[in-house]
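> I'd like to go over a predicted model; first the sequence, then the structure.
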Amino acid sequence: MRDERLLEMRVFKTVVEAGGFTAAANLLNVSQPFVSQSVNSLERRLGVKLLHRSTRTQRLTSEGERFLQSCNDILDSLEEAEAQVRSSEPTGNLRISAPHAFGMDQLVPAIPRFLAAYPQLCVHFSLSDSNVNLIEDNFDIAVRMGRLQDSSLRSRKLCDLQRIVVASPAYLEAHGQPVTPHGLVKHACLTWESPREHLNQWPFMINGRLERVAVRGSFRSTDGTTLFQLCVAGVGIMRLAEHLALPAIRRGDLVRILSDYEAKDDTAIHVVYLPERQLVPRIRAFIDYFVDAFRQPPWHQG
């Protein structure tokens, strides 16, 4: 059973130090309702009011002042305890979130070697194309593709992320091949549903300038693996990450198109984690292992 007490202490301490619930939510990168619920839950369990709240100000009650000192002592002791074991063998539970397609295609095949290297770890692995919140969703690490939006998290780059435009031989035989990027308006393109609709604006270099072409089609999804499978099945054209595209091209499942107009992506695949967790052995082990594994991306080989 998950114990929320340390999390509630941390939230309460941040509310006091930040001077308010909204400021604390911004510092912790969580929602303001989550902060309010955490403090309310803490007060209910303790049976006392820790904060006097008004519409404009807040201040500690006498019980809140005593509890804040206890929180500081406990959290400081926790940091000290972790510092004493940071050089030890990675052990315990490691909770990881990763995008579905990249996770299945690249991370899952490498997990057995990682577990063999660190036999005292127990990995909890979740696949989702939605960005999880590390605090609210209780993850140690998240793998993220594209530009990082959350500056409150620490990150390490795994590798560059490049997407290329592809279609199956069957699709091209049935519908022909667009000669220029603007010709895509006459074709069925496989597109992303919210919150990744920005990926439906495909960048191209046209006459020496970067232009984005809005594409559309009859199928949209929040899942990259689904879009990839439908592309191979001949349903439409897709702008696909290289880790899936290049092996499929070598197999003959897909054909690279509009290569003369390709724009280089300035994005990457990162691992992100909370700043205070960077030296925890199990987190450091995962990051170091996979940074090394993707130093030479497997899809560029063979």
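Happy to help now that I have it.

> which residues in the stretch 151-300 of the chain form strands?
Along the stretch 151-300 of the chain, counting by DSSP state E, counting those that start in this stretch, strands occupy 154-161, 163-167, 190-192, 201-206, 209-214, 219-221, 238-241, 255-256, 267-273.

> which of those strands sits most buried?
Among the strands of the stretch 151-300 of the chain, the stretch with the highest mean neighbour count (mean count of other C-beta atoms under 10 Å) is strand 238-241, at a mean of 26. Yep, even glycine has a C-beta here, placed from its N, CA and C like the rest.

> output the lowest mean pLDDT helix or strand found in the chain.
helix 62-85 (a mean of 81; mean pLDDT, DSSP states H and E).

> the closest residue to Cys231 other than its chain neighbours bridge partners, please.
On the basis of C-beta to C-beta, 6 or more residues apart in numbering, the spatially nearest residue to Cys231 that is not a chain neighbour turns out to be Met238, at 4.1 Å. The partner list for Met238 in beta bridges (DSSP bridges) reads Val166.

> doesn't Leu190 make contact with Met238?
Yes - using C-beta atoms under 8 Å, Met238 is in contact with Leu190, at 4.4 Å.

> any common contacting residues for these two?
By the contact definition C-beta atoms under 8 Å, 6 or more residues apart in numbering, Met238 and Leu190 are jointly contacted by 227, 231.

> hang on, the earlier thing: now the strands of the stretch 151-300 of the chain as CSV including distance to Gln32 and mean pLDDT?
Formatted as CSV, the entries for the strands of the stretch 151-300 of the chain read as follows, by distance: least, C-beta to C-beta, whole Å; pLDDT from 0 to 100:
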stretch, distance to Gln32, mean pLDDT
strand 154-161, 23, 91
strand 163-167, 35, 97
strand 190-192, 28, 96
strand 201-206, 31, 95
strand 209-214, 34, 95
strand 219-221, 31, 94
strand 238-241, 34, 96
strand 255-256, 46, 97
strand 267-273, 22, 91
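
> mind listing the helices for the stretch 151-300 of the chain?
In the stretch 151-300 of the chain, the segments counted as helices under DSSP state H, counting those that start in this stretch are 169-175, 224-232, 242-251, 281-293.

> what does the shortest one contact?
The list of residues contacting helix 169-175 from outside it, by C-beta under 8 Å, 6+ apart, reads 187-188, 233-237, 252, 255, 257.

> one more time with 10 Å, if that's ok
Identification of contacts with helix 169-175 by C-beta atoms under 10 Å, 6 or more residues apart in numbering yields 167-168, 177-178, 186-188, 231-238, 252-255, 257.

> buried among these? Make that a ChimeraX selection.
Of these, the buried ones can be selected in ChimeraX as follows, counting by 16 or more other C-beta atoms under 10 Å:
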select :167,168,178,187,188,231,232,234,235,236,237,238,253,254,257
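
> before we move on, back to that, just name the most buried of the helices of the stretch 151-300 of the chain.
Comparing these by mean neighbour count (mean count of other C-beta under 10 Å), helix 224-232 ranks first with a mean of 21.
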